[in-house]
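Visitor: I'd like to go over a predicted model; first the sequence, then the structure.
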Number of protein chains: 2
Amino acid sequence: MIEDKNQPRTSISQLGEFGLIEHLTKNFGVSHTSTIKGIGDDAAVLDFKNKKTIVSTDLLIEGVHFDLSYMPLKHLGYKAVVVNVSDIFAMNANPTQITVSVAVSNRFPLEALDELFSGINLAAKEYNVDVIGGDTTSSQKGLIISITAIGEAEDHEIVYRNGAKPNDLLVVTGDLGAAYMGLQVLEREKQVFQVNPNNQPDLDPYTYIIERQLKPEARKDIRTLLFALEIKPTSMIDISDGLSSEIMHLCKQSNVGCNLFEEKLPLDPSFINVCEEFNIDSTTVAINGGEDYELLFTISMNDFDKIKGNPNFTVIGHMTENSEGIHLITRANTKIELKARGWNALSE
Amino acid sequence: MIEDKNQPRTSISQLGEFGLIEHLTKNFGVSHTSTIKGIGDDAAVLDFKNKKTIVSTDLLIEGVHFDLSYMPLKHLGYKAVVVNVSDIFAMNANPTQITVSVAVSNRFPLEALDELFSGINLAAKEYNVDVIGGDTTSSQKGLIISITAIGEAEDHEIVYRNGAKPNDLLVVTGDLGAAYMGLQVLEREKQVFQVNPNNQPDLDPYTYIIERQLKPEARKDIRTLLFALEIKPTSMIDISDGLSSEIMHLCKQSNVGCNLFEEKLPLDPSFINVCEEFNIDSTTVAINGGEDYELLFTISMNDFDKIKGNPNFTVIGHMTENSEGIHLITRANTKIELKARGWNALSE
C-alpha cells in the first residue's frame, strides 16, 4: 500500500518532532469528564473520583504482529486500539482514555502516518476513548505501535480471571477461529501476488473472515448486556492468544479444571467452508487460533436461564474441580487433555 | 556488552511468552495501597480514591535513543524508568505505578533481558513504583522499550506548563548540559575502541558527566522540598529535550516571553572542562543539550526569599510579556533570540 510510488510523500523530518505530534493529534478532542488534561503537558491528568482505574498496555511490531503488505494502515490503527480496549472490557470495565506511541522508519511518509492516525481516531470515536498522550519517534526498522488503555469501573463491577468455581458455566461471545483463517487467506493471496502481481483474487467468499482479521471489533456491548441481564461473571478474559490458552489462564488463576465441548463451539459457516478448503480441522483452529477479541467468561449455573437462547452467548463447557484437569470432550465423546498452544509471539 | 561470546546464553524461545513474562516479573512486588491488582490479569486495577491520576508514556528505540555498545543493559533499564517518572515529577505529582513493554530481537539471550529487568527493578525500588503490567514480544531489529508511568496528586498540587505569568522567576534544579557531554565522550571512546580495541581509556575525569548520561536520576526530592518551602510553582516541565526547547514550551503554553541569563546557567566544573577539551561553547550545550532530567519551573517573585541561597535551585531568568519574545541575555549583555533546537529524534 504505502509502497505505491504515486502517493504523495511528505518527509516526516520536515515537520520536526513537535510539529509532527501537533499535526497528528490536532483532531483528538476530549469527551470524558474524567480527562482533566489530555495531550500537551509532561503527563495527562485524570479524575476517576470514587471509581477504580483500569490499565492495560500492548506493543505491536511490524513483521511480528502485522504485515503491511495486506494490512492497510488505517485498519492497523483501528485494530491497535481495539486490541487494547478489549483488555479493558475483559475486566468488565469501561475504557475511557488511551495513550498512543508510534515509532516509524524513514520509509514512512507523513501521509502514511496520517492514515494510521485516522484509523486510531476512528476507533477512539467508536469506543469513546480520549487520546490523552503518547510519543512519536523514529525507528531503525519498520513500524512500532505501543498503546496503553485506561478505563474505569466501580469496584463491585470488576471481573478478574480468578473467580471461577467448579460447576460454573463457560461462556463465549460471538464465534471462534475466523480471524486466524482470515490471516491464512491473506498470507496465501500475498504469495499468489508475489508470483503473479496481475492476479486479481476473488475475495468475496472470505469477506467475513478477512474482516475478522483486518477490522476486528472489541465487545463493548457485553458489559451493558450483562448489566441488563443482572449477571456478573465469576471470571473473564478476552480471546487474543486463542481459546485454549485463555481457558488455561482462567483455570490456573481460579484453581479449577474445565470440560470444553467440541460440539458447542460457535463457528461461522464461512469459517467452516474455508477450513475445508484449506484442509484444516476447524476445531483445532477454533481452539488455537487467536485474535478473535471475543470475551470468554464463567457464570454461576444459577444464571443459565438469563442467557439461554441469547444469540450473543454460547455455553461451551463447565468448570470442574482442579484435580479433574482441563479437557476437550470431542463429538465422538472422547476426552482429550487440552494443551495451550495459543499464539506464541516469541517462538521462531 | 551482550556480544561477549563467553556469557551464558539461554534462548528466550525456550521459555515461551508466558514463561518469559513469569520469569521476568517474579521479583516485582506491590507496595502501594493504590495497586489493587498488578501483573497477571487482562489489565491492572488501581484505586486513587479522591486523588487525580497522572499518566505519561515514552518509547525508547535502540539505535535512536540508546546505543548498547556503551550503555549497559542494567543502566538502560534504570534510565528507562527514570525518564518516565521524571514526567510525573514535572507535574508535581508522585509516581506510583509503571507498565513495562519490551520487544527484543533473537540476538538477545534471556540473560540480557534479566540484566535489563534488574535495572528496571532497581529503579522501581528507588522511585517506589509498582510494576503493574506490560507486554513482552519479539522485534525484527534491536531492543524496544515502552514504559507508561502513572502517578497521583491532590488536585491543588498539580503544576501544568501553562501557569507562568510575566515577572515570574525561572528556576532550574541541579546543573545543565552534563548528560549531553557525557554522550559526546562515550561516542568518542566508541570510535577509539573501533580503531584500537586494546585501548584502555582513562575515563576518571569524565565520571560525573558519563554518569549523568548513563545513570541519570529524576528529581524525586523536589516535590517534597517545594512542599516544605511552601512553594507551588506556577508552571513546570522536566528537561529531556534541552533547556531552550523546554523554555519555549512553558512560554508558548503560558503565553509569556522570557529573558534567560547566560551568566546564571548552573554548570558543573567538570562539564566546563570537557567543553573546553571538545572546543564546544558550554552555553550552547547547556541550552540545547538534552537528557538532564532536571526540573525547570517558574515561581512568583514573592517566593524568591524561600529559595534564595538554596543549593538545589538556580534562578536563571524571568518571564516577560509575550510580546517581548524569548531571549538569551549574554555575559556581554547582548540580547539574542532563543531558538529551540533541542534534541529532535526525527531529524536525520
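Guide: Now that the structure is in, tell me what you want to look at. Residues are numbered from 1 along each chain as shown, chains lettered A, B, ... in the order given.

Visitor: which residues of the stretch 101-250 of chain A fall in helices?
Guide: Using DSSP state H, counting those that start in this stretch, the helices assigned to the stretch 101-250 of chain A run over residues A:110-126, A:178-195, A:207-214, A:220-228, A:243-254.

Visitor: now, of these, which is deepest in the fold?
Guide: Burial of the helices of the stretch 101-250 of chain A is given as mean neighbour count (mean count of other Cβ atoms under 10 Å in any protein chain shown); helix A:243-254 ranks first at a mean of 23. All C-beta spots, glycine's among them, are computed from the backbone N, C-alpha and C.

Visitor: and the helix or strand just after it with helix A:243-254, angle?
Guide: Going down the chain from helix A:243-254, the next helix or strand is strand A:256-261, by DSSP states H and E. Taking axes from the mean of the first three to the mean of the last three Cα atoms, to 10 degrees, strand A:256-261 and helix A:243-254 form an angle of 150 degrees between their directions.

Visitor: how near is the residue nearest the centre of chain A to A:Ile222?
Guide: Nearest to the mean C-alpha position of chain A, by Cα atoms, centre = their mean, lies A:Val83 at 3.4 Å. According to Cβ to Cβ, to the nearest Å, A:Val83 and A:Ile222 sit 16 Å apart.

Visitor: related to what we said a few turns ago, how distant is the helix or strand harbouring the residue nearest to the centre of chain A from the center of its chain?
Guide: Element membership of A:Val83, judged by DSSP H and E, is helix A:73-89. Distance of helix A:73-89 from its chain centroid, counting by Cα atoms, centre = their mean, to the nearest Å, is 6 Å.

Visitor: For that helix, which residues meet the burial criterion?
Guide: Of the residues in helix A:73-89, A:73-89 count as buried by neighbour count, 16 or more other Cβ atoms under 10 Å in any protein chain shown.

Visitor: same for that helix, what does it pack against?
Guide: strand A:52-61, strand A:94-104, helix A:110-126, strand A:144-153, helix A:220-228, strand A:235-238 (3 or more Cβ pairs under 8 Å, 6 or more residues apart in numbering or on different chains; DSSP states H and E).

Visitor: Relative to A:Leu176, tell me which of the ones you listed wins on proximity.
Guide: The minimum distance between A:Leu176 and the helices and strands packed on helix A:73-89 falls on strand A:235-238, with 12.6 Å, by Cβ to Cβ.

Visitor: What's the mean pLDDT across that closest one?
Guide: Mean pLDDT, strand A:235-238: 98.

Visitor: Same check on stretch A:253-260?
Guide: What stretch A:253-260 shows for mean pLDDT is 98.

Visitor: quick check, that stretch touching chain B?
Guide: Yes. Applying Cβ under 8 Å from any Cβ of the partner chain, one finds stretch A:253-260 touching chain B at A:Gln253.

Visitor: Can you list the neighbours in contact with that stretch?
Guide: Defining contact as Cβ atoms under 8 Å, 6 or more residues apart in numbering or on different chains, one finds that stretch A:253-260 is touched by A:160-166, A:168, A:170, A:234-235, A:243, A:247, A:250-251, A:287, A:298, A:316-329, A:335, A:338, B:40-41.

Visitor: Output it as PDB - backbone C-alpha positions only.
Guide: In PDB, the C-alpha atoms belonging to stretch A:253-260 read as follows (Å, rounded to 0.1, in the frame of the first residue of the first chain):
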ATOM      1  CA  GLN A 253      -5.800 -18.500  38.300                       C
ATOM      2  CA  SER A 254      -9.100 -19.700  39.600                       C
ATOM      3  CA  ASN A 255      -7.600 -23.100  40.600                       C
ATOM      4  CA  VAL A 256     -10.300 -25.100  38.800                       C
ATOM      5  CA  GLY A 257     -10.500 -27.600  35.900                       C
ATOM      6  CA  CYS A 258     -12.600 -27.400  32.800                       C
ATOM      7  CA  ASN A 259     -14.600 -29.600  30.400                       C
ATOM      8  CA  LEU A 260     -14.900 -27.900  27.000                       C
END
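
Visitor: Off-centre distance for that stretch?
Guide: For stretch A:253-260, the gap between its own C-alpha mean and the chain's C-alpha mean amounts to 23 Å (Cα atoms, centre = their mean).

Visitor: After the worst-scoring helix or strand of chain A on mean pLDDT, which helix or strand is next?
Guide: Among the helices and strands of chain A, helix A:16-25 carries the lowest confidence by mean pLDDT, DSSP states H and E, at a mean of 77. Per DSSP H and E, the first helix or strand lying C-terminal to helix A:16-25 is strand A:35-37.

Visitor: mind putting the helices of the stretch 101-250 of chain A in JSON lines, distance to A:Asp292 included?
Guide: Converted to JSON lines, the helices of the stretch 101-250 of chain A look like this (distance: least, Cβ to Cβ, whole Å):
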{"stretch": "helix A:110-126", "distance to A:Asp292": "17"}
{"stretch": "helix A:178-195", "distance to A:Asp292": "5"}
{"stretch": "helix A:207-214", "distance to A:Asp292": "7"}
{"stretch": "helix A:220-228", "distance to A:Asp292": "13"}
{"stretch": "helix A:243-254", "distance to A:Asp292": "8"}
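
Visitor: Alright, that wraps it up for me.
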